[in-house]
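Colleague: dropping the sequence and predicted coords here.
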Amino acid sequence: MPTIKEIIEAFFNQIKAVIREYVHEQEAALKKRLKNLLIASIIIIILVSMVILFIGSAYLFILVGSLKYLMNFMPAWKAWYITGITAGIIGALLFLALFIFIRKQLKTKQN
């Protein structure tokens, strides 16, 4: 006849086995979610980098073209000022847009 101690040990061993199995399942699910999140994050980072590079390259060609065009109608120093101010404004707007986008992404991940 089993003693009370053996019955309690068997009961707790069963509870430990159930908890251990549950923890392993949750760990596997968490690893799978983290893997998917990491892959999605890498893809998003690459795509955003490509878009920023594309926009920057296109904008550089536009600025050079507008500089040459403006030099036909005004002194070179005024054309450079206008081009520089335009580049600064668009750069600041791009920085602000990316800052808001990143801040929004960080807020959604914290919730």
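Modeller: Structure's in. What do you need?
Colleague: averaged over its residues, which helix or strand of the chain has the lowest pLDDT?
Modeller: Least confident helix or strand, the chain: helix 76-110 with a mean of 83, by mean pLDDT, DSSP states H and E.
Colleague: so which elements touch that helix?
Modeller: Here helix 76-110 touches helix 4-71, going by 3 or more Cβ pairs under 8 Å, 6 or more residues apart in numbering; DSSP states H and E. The way it works is simple: take the backbone N, C-alpha and C, and place the C-beta from them, glycine included.
Colleague: ok and the helix it packs on relative to helix 76-110, angle-wise?
Modeller: Relative orientation of helix 4-71 versus helix 76-110 (axes from the mean of the first three to the mean of the last three Cα atoms, to 10 degrees): 160 degrees.
Colleague: now do helix 4-71, average pLDDT.
Modeller: Throughout helix 4-71, pLDDT has a mean value of 88.
Colleague: quick one: buried residues of the least confident helix or strand of the chain?
Modeller: For helix 76-110, burial by neighbour count (16 or more other Cβ atoms under 10 Å) applies to 79, 83, 86-87.
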